[in-house]
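**Student:** Everything below, folded, please.
(chains A and B)
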2 protein chains.
Amino acid sequence: MALVSISVSSGLSLVEQIVVQMKQLIDDGVVRDGSRAVSIRCFARDHRISAHTVAEAYERLVAHGYFQSRPRSGFFVSRPQVYARHSGDGEDGAMEPDHLWQLRSHFTTRHDRLGASSGRMPPDWLDVELIRSGMKSLAAKADTSLAQYGDPYGYAPLRGLLQTRLLALGIHAQPEQILLTSGATQAADLVMRCFLKRGDRVLVDDPGYFNLFSNLHLHGIRPIPVPRKPDGPDLDLLDALAREHRPAMMFVQSMLHAPTGSSIAPANAHRLLKLAEQYDFRIVENDVYCDMLGLTLPRIATLDQLARVFYVGSFSKTLSSATRVGFIAGAAQSVGELCNHKMVASITGSQVDERLVYHALTEGQYRRSVERMRYRLANALQLAGDMLEEQGFEVFCRPLGGKFVWARHPQIDDSEEIWRRASQAGILIAPGKVFRHNLQPTPWFRLNVAYCMEPALQHFLGSLRA
Amino acid sequence: MALVSISVSSGLSLVEQIVVQMKQLIDDGVVRDGSRAVSIRCFARDHRISAHTVAEAYERLVAHGYFQSRPRSGFFVSRPQVYARHSGDGEDGAMEPDHLWQLRSHFTTRHDRLGASSGRMPPDWLDVELIRSGMKSLAAKADTSLAQYGDPYGYAPLRGLLQTRLLALGIHAQPEQILLTSGATQAADLVMRCFLKRGDRVLVDDPGYFNLFSNLHLHGIRPIPVPRKPDGPDLDLLDALAREHRPAMMFVQSMLHAPTGSSIAPANAHRLLKLAEQYDFRIVENDVYCDMLGLTLPRIATLDQLARVFYVGSFSKTLSSATRVGFIAGAAQSVGELCNHKMVASITGSQVDERLVYHALTEGQYRRSVERMRYRLANALQLAGDMLEEQGFEVFCRPLGGKFVWARHPQIDDSEEIWRRASQAGILIAPGKVFRHNLQPTPWFRLNVAYCMEPALQHFLGSLRA
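**Tutor:** Numbers count the residues shown, from 1 in each chain, chains lettered A, B, ... in the order given. Here you go, the predicted structure:
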């Protein structure tokens, strides 16, 4: 086995050197498939390294499928099949833009294109140190509970902390009124599974969240779009729609609404609740951008105190999307039913993720991190709004915070035209229709202000000037 | 602020000392709600500690809701509401045993009772070191991708590794045929969402997995029970049932079936597949106990090569249930559809969990850990089987591995009687009916062999001797 050469001055550990070189020898056919590997003892002696090191390398080769371990016979070479790479990258460029296209664009970062309407934050705007330090701390404290299922309601200390955070918004909730979910998306999904049935009608923001539309569609639930105004849903129209359609529920993003950036005025929250009482529908208030707003403006749930309102939050936007932690708060009995549905659909959430979020929130760095983010976004919002208006665009509203601005060009009636021309300039600007439940054309389009200062985008927008 | 006393010889860090004492002072009303806290600078000077330490303690007090931070005014005391503890512990003792009761019993560890039929492993039978070392390693490597959404199909290197592991079972899969899920439960749920509709009929193991029954029920899908024999489903009966009911699918646990511990014989796998072709139904093969078996007996998917079979696995049973990582493999197009449904229902899984599992599998410790577990379980199975037979019980089969044994008392026709009498002896033995879709009475009951050597259990079983 002198084919493997080991060097203490290599950048790799001894184990890694053995693994990398053995894989190469097997891939190249130098070491033959099916042959018996030299024993751990002999390999160690030949290379003057410890048997422990060789054993660990062999174990890794087994894990990677390059070695097989046969009891009492030792290790045998077993060349794994060549992997085909998953094709599909870049598919979205060719696809017609729809809800699924928009959803996929979350995950495809094409480095040859500027994702100017993306929901993603630039990587350095999120503080990965929060997760890293959480992992270190969790590793240090790890006990056997980390091998067991967590609480189906979610990690109790995190729910206690959420209780405190809700109180800061004027929302009183007991721990049994708070259920952790796999992001806000699972929260909405559980509500559909638990409280809605095929054929039900629900009010939704128009424009609104594309993924909500997809999920309603899959559940056979009919969305009734309520046009969004800069101070919340159009309530005169909502009154008429509720009378006509008798919806079971409304899904509404009260604050920093995506894609428009608008927030509901307190008086409108009050009137919306009165309409909900009059027509007897429940409300799911999505507030996933809560920490981007910072201001403690009253939420709909603040007025209602979780009687007919479910309040949904998440840490995917301001802490990390790699941990899947959101929550839903509501009346205790309803939340109990949601918890039963959660257990049936997924047993429980990731206790690891829940503890990481708890650590990030309690160790004091999270608040400073979101303050920095808010400061950065406030500047970007100001600059983007000014830039768009200078270039002759109309801006739907000047958002109180968050990352989105909703704009239109006065001479372009369908933003699909902008999408098409932007694509040619190497820029991805989703047409506004992907934020509408039936993909109806619209002159409006969404920009993520974090990318608005990119010269390529500014140049492109300038080129559209009438 | 001399009310707080700080000691370098305390077991707590300086930050923790400040936090704990301040909380106490606020809870006790010594420091009044609404009062302004002494400034960070003054506190630090008075106690001769660094301002950085005090700042961190104040941040934590804010996170816990004991302090409010007001820009340019400093910190103010804000006593949080007293939390009510979530009631509900011990509920299951009073509840009638059904599917939900059994599901809940996963999460309620009552220390005054021996959970002899529990699905849990004793804490020290799982190797928490695998997760701990994964966290350390991940913290060391943490990059900005840990703040972003992961791949909706799941972490690509882990899917590559699963490809290798499937190959070891003789199942050939390309990476786009493998979708990571939040445990095996989400995999089954996605199949129902994606490929089944209300009113469909599906074949299920009888007895079988209680949570599958709950989920089918919630989806309005009708289970057609197929009695389980020691070598797999009763195929003569299955033939007749399929002819009569024209099922769309079969959910079957091929190996180490819960609750009976039985595994399907290769010839039965072959015949089952032929019946599936004849009656044109698909098969979801659940193999969550794969790593407890170790043997590379052919799975149904080995014969079918993922044409009409979905193969489902998980790491919740042998690595950690606190990380929620399972997977489903199938035909590429079907898996693509499942991925779309996964995105709609939950965007993506936890990238943190997926990387931790990848780390545990590649760093070589996992194989040794499951080998230890298998060895321990094999001994426990042997002892439990012998003990039960000695006490006059009938054992359904001697399992090839795993943690369950399915037994009956020859003179007791309904195991609910055993449940009742065991409860009085402080032992939890779920009656066999909770593993049946309509809660039909049965003389059989399940034991977890890891608890079978407990003297209290042996004494109780002996007391039932005719």
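**Student:** only C-alpha atoms for contact and neighbour calcs from this point on.
**Tutor:** Noted.
**Student:** for the stretch 51-200 of chain A, what spans make up the helices?
**Tutor:** Assigned helices in the stretch 51-200 of chain A, in chain order: A:51-63, A:91-94, A:99-105, A:129-141, A:156-168, A:183-195 (criterion: DSSP state H, counting those that start in this stretch).
**Student:** Now render the ones you listed as a markdown table, adding distance to chain B.
**Tutor:** Shown next, in a markdown table, are the helices of the stretch 51-200 of chain A (distance: least, Cα to the nearest Cα, whole Å):
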| stretch | distance to chain B |
| --- | --- |
| helix A:51-63 | 5 |
| helix A:91-94 | 13 |
| helix A:99-105 | 8 |
| helix A:129-141 | 5 |
| helix A:156-168 | 6 |
| helix A:183-195 | 5 |
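**Student:** wait, isn't A:Ile221 in contact with A:Phe195?
**Tutor:** No. Using Cα atoms under 8 Å, A:Ile221 makes no contact with A:Phe195, being 11.3 Å away.
**Student:** Give the residue from those two that has the larger number of neighbours.
**Tutor:** Taking other Cα atoms under 10 Å in any protein chain shown, A:Ile221 and A:Phe195 do not tie; A:Ile221 has more neighbours (18 against 14).
**Student:** about what we covered before: of all the helices of the stretch 51-200 of chain A, which lies closest to A:Arg420?
**Tutor:** When the helices of the stretch 51-200 of chain A are compared by Cα to Cα, helix A:91-94 sits nearest A:Arg420, at 10.7 Å.
**Student:** avg pLDDT for the closest one?
**Tutor:** On average, the pLDDT along helix A:91-94 is 44.
**Student:** Also stretch A:233-245?
**Tutor:** pLDDT averaged over stretch A:233-245 gives 98.
**Student:** Extract the CA atoms of it and return them as CSV.
**Tutor:** Only the C-alpha atoms of stretch A:233-245 are listed here, as CSV (Å, rounded to 0.1, in the frame of the first residue of the first chain):
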residue,chain,number,x,y,z
PRO,A,233,-56.5,45.6,2.8
ASP,A,234,-59.2,47.5,0.9
LEU,A,235,-61.9,47.1,3.5
ASP,A,236,-64.9,48.5,1.6
LEU,A,237,-64.3,45.8,-1.0
LEU,A,238,-63.6,43.2,1.7
ASP,A,239,-67.0,44.0,3.2
ALA,A,240,-68.7,43.3,-0.1
LEU,A,241,-66.6,40.2,-0.8
ALA,A,242,-67.3,38.7,2.6
ARG,A,243,-71.0,39.3,2.2
GLU,A,244,-70.9,37.6,-1.2
HIS,A,245,-68.5,34.7,-0.5
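**Student:** pLDDT weak spots in chain A?
**Tutor:** Scanning chain A for pLDDT under 70 picks out A:1-2, A:80-95, A:106-112, A:364, A:466.
**Student:** biggest strand in it by residues?
**Tutor:** In chain A, taking DSSP state E as the definition, the longest strand is strand A:222-229.
**Student:** What strands flank that strand, and is each parallel or antiparallel?
**Tutor:** strand A:201-206 (parallel), strand A:232-233 (antiparallel) (DSSP bridges).
**Student:** Show me chain A divided up by domain.
**Tutor:** A:14-77, A:91-125+A:367-463, A:129-365 (automatic domain parsing).
**Student:** And the longest strand of chain A, how far out from the chain middle?
**Tutor:** 23 Å (Cα atoms, centre = their mean, to the nearest Å).
**Student:** didn't A:Ile224 look like it was pressed against A:Val204?
**Tutor:** Yes. At 6.0 Å, A:Ile224 and A:Val204 qualify as touching, with contact defined as Cα under 8 Å.
**Student:** tell me the phi and psi of the closest residue to A:Gln351 other than its chain neighbours?
**Tutor:** Nearest residue to A:Gln351, sequence neighbours excluded (Cα to Cα, 6 or more residues apart in numbering or on different chains): B:Ala322, at 4.9 Å. With angles defined as degrees, to the nearest 10, B:Ala322 sits at phi -80, psi -30.
**Student:** List the residues that contact B:Ala322.
**Tutor:** A:145-150, A:349-352, B:316 (Cα atoms under 8 Å, 6 or more residues apart in numbering or on different chains).
**Student:** please redo it, this time with the cut-off set to 10 Å
**Tutor:** Contacts for B:Ala322 (Cα atoms under 10 Å, 6 or more residues apart in numbering or on different chains) come out as A:145-151, A:348-354, B:131, B:315-316, B:353.
**Student:** Which one of the helices of the stretch 51-200 of chain A lies nearest to A:Arg299?
**Tutor:** Short answer: helix A:156-168, nearest of the helices of the stretch 51-200 of chain A by Cα to Cα, at 10.2 Å.
**Student:** Dihedrals phi and psi, A:Gln253?
**Tutor:** phi -100, psi 110.
**Student:** What sits closest to A:Thr302 if chain neighbours are left out?
**Tutor:** In space, and not counting its chain neighbours, A:Thr302 is closest to A:Ile171: 4.9 Å by Cα to Cα, 6+ apart.
**Student:** Count the neighbours of the one you found for me.
**Tutor:** Quick note: A:Ile171 (other Cα under 10 Å) scores 21 neighbours.
**Student:** is it true that it touches A:Gln305?
**Tutor:** Yes. Between A:Ile171 and A:Gln305 a contact is recorded at 5.8 Å, counting by Cα atoms under 10 Å.
**Student:** Name the residues contacting each of these two.
**Tutor:** A:299, A:311, A:329.
**Student:** between those, which is closest to chain B?
**Tutor:** Each of the shared contacts of A:Ile171 and A:Gln305 was scored against chain B by Cα to the nearest Cα, and A:Ala329 proved nearest at 14.0 Å.
**Student:** Quick check: the closest one touching A:Gln163?
**Tutor:** Yes. Here A:Ala329 lies in contact with A:Gln163, judged by Cα under 10 Å, at a distance of 9.4 Å.
**Student:** These two: which has the busier surroundings?
**Tutor:** Neighbours were counted for A:Ala329 and for A:Gln163 using other Cα under 10 Å; A:Ala329 has more, 31 against 25.
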